[in-house]
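Asker: would you be able to build a 3D model of this:
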Amino acid sequence: MLTQFVVLKSLIHQIDCYCPCCHNTDEFHFLRGDCIEIVHDRKIPSELGWYVQIVVNNQYQFYIALDDLKHYYDEGKICSLLDLELQANYFRYQVNQALDEKDKERFMKNAEKLKNVEQLREKVEEKMKVQV
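Answerer: Numbers count the residues shown, from 1 in each chain. So this is what the prediction gives:
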């Protein structure tokens, strides 16, 4: 199971776990570039499904339904660190292809996408350095 994710699109998560370790709030605001790590051996079965403990930016922790994480992943709101690296490689390839084919429009479009992915990666790397 992948254990580290990156938030691609800001979102508001409705917290439905009311154990003592969770925040006193009913919602959590994930921002683009936030790092989510699933804490191993912290799973709670419930009649509503499985819950796992996550740590956001090495600061906030709470339990979240595994189905919610999967939903955010499927919607493209979060991705794994590997997914982020694959996106960067794909856009680098597309930029190189556009250069080879002298396709300015395709080059500009993919160069912009590559720039966005690289900026997000740098933001994530910076947050991960703070965690260590």
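Asker: what helix or strand is the spatially closest residue to Lys77 that is not a sequence neighbour located in?
Answerer: In space, and not counting its chain neighbours, Lys77 is closest to Lys9: 4.7 Å by Cβ to Cβ, 6 or more residues apart in numbering. C-beta here means a position set from N, CA and C on the backbone, and glycine is covered the same way. Counting by DSSP states H and E, there is no helix or strand that carries Lys9.
Asker: tell me how many other residues crowd Lys9.
Answerer: 12 (other Cβ atoms under 10 Å).
Asker: look up how far Arg32 lies from it.
Answerer: 6 Å (Cβ to Cβ, to the nearest Å).
Asker: how about Gln53?
Answerer: 23 Å.
Asker: report the next helix or strand after the lengthiest strand in the chain in sequence order.
Answerer: If you go by DSSP state E, the chain has its longest strand at strand 35-46. Counting by DSSP H and E, the next helix or strand C-terminal to strand 35-46 is strand 49-56.
Asker: partner strands of that following strand, parallel or antiparallel?
Answerer: Strand 49-56 has its sheet partners listed here by DSSP bridges as strand 35-46 (antiparallel), strand 60-65 (antiparallel).
Asker: residues touching the longest one, excluding its own?
Answerer: Looking back up the chat, that one is strand 35-46. 1-7, 19, 30, 50-58, 61, 63, 69, 78, 124, 127-128, 131 (Cβ atoms under 8 Å, 6 or more residues apart in numbering).
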